[in-house]
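Student: 3D, please:
(chains A and B)
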Protein chains: 2
Amino acid sequence: MFQSFTETASPDQGPPRLAALRARMAEAGLDGFIVPRADAHQGEYVAPRDDRLAWLTGFTGSAGWCVALADRAGVFVDGRYRVQIKRQVADVFEPVAWPETSLGDWISSALPKGVIGFDPWLLSVEQKRGLEAKLEQVALRACENLVDAIWADQPDPPLGKVIVQPPELAGEAHGDKIARLAAGLGKARAAILTLPDSIAWLLNIRGSDIPRNPVAHGFAILHEDARVTLFMDDRKLVDVTDHLGPRVTVRPPDEFLSAVAALDGAALIDPATCPVAVAEAIAGDIVEAPDPCLLPKACKNATELDGARSAQLRDAAAMVRFLAWLDAQPAGSLTEIDVVRRLEAERTASNALRDISFETIAGAGAHGAIVHYRVTEATDAPVADGQLLLVDSGGQYVDGTTDITRTVAIGDPGAEECAAFTRVLKGMIAVSRLRFPKGLAGRDIDPFARHALWEAGLDYDHGTGHGVGSYLSVHEGPARIARAGTVALEPGMILSNEPGFYREGAFGIRIENLIAVERAPALPGQTVSEMYRFETLTWVPIDTRLVVPALLTQAERDWLNDYHAAVLDRVGPLVDDPERDWLSLACRPI
Amino acid sequence: MFQSFTETASPDQGPPRLAALRARMAEAGLDGFIVPRADAHQGEYVAPRDDRLAWLTGFTGSAGWCVALADRAGVFVDGRYRVQIKRQVADVFEPVAWPETSLGDWISSALPKGVIGFDPWLLSVEQKRGLEAKLEQVALRACENLVDAIWADQPDPPLGKVIVQPPELAGEAHGDKIARLAAGLGKARAAILTLPDSIAWLLNIRGSDIPRNPVAHGFAILHEDARVTLFMDDRKLVDVTDHLGPRVTVRPPDEFLSAVAALDGAALIDPATCPVAVAEAIAGDIVEAPDPCLLPKACKNATELDGARSAQLRDAAAMVRFLAWLDAQPAGSLTEIDVVRRLEAERTASNALRDISFETIAGAGAHGAIVHYRVTEATDAPVADGQLLLVDSGGQYVDGTTDITRTVAIGDPGAEECAAFTRVLKGMIAVSRLRFPKGLAGRDIDPFARHALWEAGLDYDHGTGHGVGSYLSVHEGPARIARAGTVALEPGMILSNEPGFYREGAFGIRIENLIAVERAPALPGQTVSEMYRFETLTWVPIDTRLVVPALLTQAERDWLNDYHAAVLDRVGPLVDDPERDWLSLACRPI
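Tutor: Numbers count the residues shown, from 1 in each chain, chains lettered A, B, ... in the order given. Okay, here's the model as predicted:
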């Protein structure tokens, strides 16, 4: 079982640890110290050794910051964690609503004047700039990590095995990727790569250093002559030495900064993610640009898209078995943890599951309205008659990463739930059916997912979709379907399409398919030079018991019936009776 | 008659004038000189004395630039003028596709090294910055205007009379506006106003210095103590002296720069429009921010909205009489100029028309596909059987500015025209029907206007809507419905809603109503704290002979039929037979 249901933090340890940190601050002549959740790779998941924020404060969310001052300590958490943090931290820590209140604004008001320390590996160039822009009388000073200094039993860095992502799954030899990217470096003579999924994609390797994301911690330099220097502990690389080949030189991680300092000519860094420590080690000119792997990694090639289709069907069969089982249980007989266990078991049964792609969200009733609810033993609740159950989950398979949300009726939910479900579905269908000109970004698509909700005065407070990796991170840049999504959509990008609606204290609805951008064949008389559309990748029934047919247009109803016919056609052969009977019923036209 | 059909430029004069300019450049030690179309007020219309670009080059478009170098002279024009310019300029001038090619890029490639002169009154702070960012070996030098120096019979500045915009039309006393804006100056102790429509709005005056926009040229300083210094020739102000009152001090225009230099404390300028000459005269600190009049001017008060509704009905009656007349003429019996004359005559017949709000666009057949087509004696064409006729026009009335486009069938246009017309209409209806959360900008609305066209591989290459003034500029910032529209929509903003489609060489379609943002009453169960919607202001039939009913949803058809019922109800009483009979037919439900 990948998922756990315990809360690992120790809130009672917070006060003595904070006191120890403050003692170190005083010794170092600092008025404060910044503890980010992120590690040097700015990932969503961190290794135990990098889980400094949880160790210090007790807060276990996947994003956040602590700023410890001599007399106050703010813990900055976003809207997902406003409730959770109250349970997790002792009262020596003040929860701060972030990003509404920025670190800089809070520091400015809490500390009139002084010096704040930070670990230059854990702050990106842009994060530091943003902070400095807000601070007038407070200086930032790079220093050793004071949490590490007081963390006696801090775990060692992970040494997870690295494996090859073979050409039949990656679709492009890593030598070709390296050559292609090296040729596009422009004025830079080398690019510095600090994101593990960029390195994994570029070198066609996958790792096991952290949960959920199959990457290995390390750094790399891509040189203009189409060579790569990989800074990674070679104990992790025993199975890939032959694969890496002559273009790739492996060096110990502790040689990374000196190699950066020795670079001849301009070096490319991505200021959004490059640690300050790395940027400051560069002796020559700096070219600031997005990590050159981001866009090509996001645009999946034909092999990766084929892999995604296979992984989605495998995952769909597990989802169908799970949904059929769920429907057969008497209302009230299950708790949320039972649901998570069963779903993971169905995915595991394929013998192909490498990991879940994130902690399954299973929220019944009011828990469904907590957008990123993760059930624990403390919060586990029965799934009761008349409730909606929201299940957002995914699997990591070698051929693709999945992410799917279905909201299902337990017994007979009310009319308000059904009307809202139908409006969410209309938004999800609107995006699925869209044809749009090349050049549009996700922010141009996002309003279509909300239109039907707006008509009833409703909306949801999250983006409509995120990029998804190819056996990599389930949250992958640079494109998103969201108001902040400014990157143009390109063929091959896999995105989620997941509008929702949340009635606080009552119920939550989200319906999510993965979709891939593809070129749309030209229509007669077309004047736009190139149009795109979305290919649907996810094939799992949508609960038609929650659909109000009168709220659908004929085109929407046609889409839904066509979708269900395709689900039955594609997934029916992958499941046995009685699941196939259940599927036939679930896929009936409305 | 306001509109003229002659081309006023003298292309044959271009070569000797360019030669004279080059002689002046050489005397001044300059390698080039920049001649913008814009005047010191960055307006769309300029006084004859400021029409330097047309005088020098022959090009009469409403936007553009000339950069004269010793051996080359580029004339920068946008997509609207690519065809027109070929007729208008001699071959000593090279047309340059702008903004695809920026002035800076063209200069960099045409002039390896040197000094280029510019008139600091005619370049805004942002324009100069944008130019300098592109230039490496070329310096910019502010100097006297070399075109003025060679323009022997350059007209004098205009001395159009200024009139009062009385409280019953403006809705807020100018003293109150001044006090309100002065209180919001923040760190600045004064705001420098260089836009004539900002000054007209703030002081509740209207002018007659330029065609189409009822403004007076001048500058103003808004002081934090709620006083205004107005720099304007007092010969224009004889009718408003009492109105201006004690808060407003009038000074001669030539004292403006010394008054700016004498300001005590930080001065606010809008870098997008403030001339370099003004910014450089400031001795103290500069606060860069949008012109403080822009947003309050855009958000019309209840009185201005009432005025807009009245003006629209008056204008609708003229449009209905015009459309009824047009329908009664045998196909092929009219030319485009006949159409423009008749429409202006119908508007003039109200005895309330102060001006047209822009040159009427009347394009038959292929001329309709030229988005900003202005008919001249040289281009005038018959309106033939089977064509679409696109008519985009508006009036300036003391209570409001109108802007309307209707595309009408002449005889029996083809199926392609009807299908495209219906898709354009669907987009126009989608925007009209929209409900959306507070906080959205025009770019979030724009995709809805295009969706139905995208479904057929079609689109249009202009924004969906622009702000409209209250007896002021027909193109008014800061909000727009367009991909570049980043300003949040606010109640009271009047915008155009004008999707289109253009088949080059064949036909053009545009359907335009004005709409105003208003608060939408809360719906039962609404979760969004505030929703907005649009009030329709324009009430003129849409040609249902061009509608393919099968392409409309029931909701769209209902909207169209409700709209036509309202048109008949509101405008029917304002016209006599036989126009009322025509209107009844035109408003029949489909």
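
Student: just the strands in the stretch 401-550 of chain A please.
Tutor: A:404-409, A:435-437, A:465-467, A:476-481, A:494-497, A:500-503, A:507-510, A:513-520, A:531-536 (DSSP state E, counting those that start in this stretch).

Student: Can you lay out the ones you listed as CSV showing mean neighbour count, distance to residue B:305 and mean pLDDT?
Tutor: Using the backbone N, CA and C atoms, a C-beta is placed for each residue, glycine as well. Listed next are the strands of the stretch 401-550 of chain A as CSV, based on neighbours: other Cβ atoms under 10 Å in any protein chain shown; distance: least, Cβ to Cβ, whole Å; pLDDT from 0 to 100:
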stretch, mean neighbour count, distance to residue B:305, mean pLDDT
strand A:404-409, 23, 43, 98
strand A:435-437, 20, 35, 98
strand A:465-467, 25, 38, 98
strand A:476-481, 23, 36, 97
strand A:494-497, 27, 39, 98
strand A:500-503, 24, 34, 97
strand A:507-510, 26, 38, 98
strand A:513-520, 21, 42, 98
strand A:531-536, 20, 39, 98
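
Student: Can you say which of the ones you listed is nearest to residue B:231?
Tutor: When those are compared by Cβ to Cβ, strand A:435-437 sits nearest residue B:231, at 47.1 Å.

Student: sorry, back to before: indicate which one of the strands of the stretch 401-550 of chain A is closest to residue B:145.
Tutor: Closest among those, once you apply Cβ to Cβ, is strand A:435-437, at 42.5 Å.

Student: Run through the neighbouring helices and strands of that closest one.
Tutor: Under the contact definition 3 or more Cβ pairs under 8 Å, 6 or more residues apart in numbering or on different chains; DSSP states H and E, strand A:435-437 sits against strand A:531-536, helix B:442-454.

Student: Name the residues of stretch A:276-294 that come out as buried.
Tutor: Neighbour counts over stretch A:276-294 (16 or more other Cβ atoms under 10 Å in any protein chain shown) mark A:276-279, A:281-282, A:286-287, A:289, A:291-294 as buried.

Student: how about the CA coordinates for that stretch, as PDB?
Tutor: Taking Å, rounded to 0.1, in the frame of the first residue of the first chain, the C-alpha atoms of stretch A:276-294 are listed here in PDB:
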ATOM      1  CA  VAL A 276      20.400  31.200  -5.500                       C
ATOM      2  CA  ALA A 277      23.500  29.100  -4.600                       C
ATOM      3  CA  VAL A 278      23.800  27.900  -8.200                       C
ATOM      4  CA  ALA A 279      23.200  31.300  -9.900                       C
ATOM      5  CA  GLU A 280      25.800  32.900  -7.600                       C
ATOM      6  CA  ALA A 281      28.400  30.400  -8.500                       C
ATOM      7  CA  ILE A 282      28.300  31.400 -12.100                       C
ATOM      8  CA  ALA A 283      31.400  33.400 -13.000                       C
ATOM      9  CA  GLY A 284      30.500  34.400 -16.500                       C
ATOM     10  CA  ASP A 285      27.400  35.900 -18.200                       C
ATOM     11  CA  ILE A 286      23.900  34.600 -17.300                       C
ATOM     12  CA  VAL A 287      21.100  34.100 -19.800                       C
ATOM     13  CA  GLU A 288      17.800  33.900 -18.000                       C
ATOM     14  CA  ALA A 289      15.300  31.700 -19.800                       C
ATOM     15  CA  PRO A 290      12.900  28.900 -19.100                       C
ATOM     16  CA  ASP A 291      14.500  25.500 -18.500                       C
ATOM     17  CA  PRO A 292      15.000  24.300 -22.100                       C
ATOM     18  CA  CYS A 293      13.500  20.900 -21.200                       C
ATOM     19  CA  LEU A 294      10.200  22.300 -20.100                       C
END
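
Student: Give me the residues contacting the helix or strand of chain A with the lowest mean pLDDT.
Tutor: None of the helices or strands of chain A scores lower by mean pLDDT, DSSP states H and E than helix A:84-88, at a mean of 87. For helix A:84-88, the external contacting residues (Cβ atoms under 8 Å, 6 or more residues apart in numbering or on different chains) are A:7, A:9, A:11, A:57, A:58, A:59, A:60, A:61, A:75, A:77, A:95, A:378.

Student: circling back to that earlier point, the strands of the stretch 401-550 of chain A: which one's closest to residue A:373?
Tutor: Of all those, strand A:507-510 sits nearest to residue A:373, with 8.1 Å by Cβ to Cβ.

Student: Which elements pack onto the strand or helix carrying residue A:15?
Tutor: Using DSSP states H and E, residue A:15 falls within helix A:14-27. Helices and strands touching helix A:14-27, by 3+ Cβ pairs under 8 Å, 6+ apart, are strand A:32-36, helix A:52-57, strand A:65-69, helix A:146-150.

Student: Tell me the first helix or strand C-terminal of the helix or strand harbouring residue A:296.
Tutor: According to DSSP H and E, residue A:296 maps onto helix A:294-298. With elements assigned by DSSP H and E, the helix or strand that comes after helix A:294-298 is helix A:302-328.

Student: Excluding chain neighbours, what is closest to the residue lying farthest from the centre of chain A?
Tutor: Within chain A, residue A:525 marks the point farthest from the mean C-alpha position, 40.7 Å out by Cα atoms, centre = their mean. Spatial nearest neighbour of residue A:525, excluding adjacent residues (Cβ to Cβ, 6 or more residues apart in numbering or on different chains): residue B:416 at 6.6 Å.

Student: go on, residue A:214?
Tutor: Excluding the flanking residues, the one nearest residue A:214 by Cβ to Cβ, 6+ apart is residue A:206, at 4.3 Å.

Student: how many other residues sit next to the one you found?
Tutor: Per other Cβ atoms under 10 Å in any protein chain shown, the neighbour tally for residue A:206 reads 27.

Student: returning to what we had before: what separates the least confident helix or strand of chain A from the chain centre, distance-wise?
Tutor: Counting by Cα atoms, centre = their mean, to the nearest Å, helix A:84-88 is centred 22 Å from the centre of its parent chain.

Student: What are the buried residues along stretch A:386-394?
Tutor: A:387, A:388, A:389, A:390, A:391, A:392, A:393, A:394.

Student: do stretch A:102-113 as well
Tutor: A:102, A:103, A:104, A:106, A:107, A:110, A:111.

Student: could you dump these to TSV with secondary structure?
Tutor: Listed next are the buried residues of stretch A:102-113 as TSV, based on DSSP: H, G, I helix; E, B strand; the rest coil:
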residue	secondary structure
A:102	coil
A:103	helix
A:104	helix
A:106	helix
A:107	helix
A:110	helix
A:111	coil
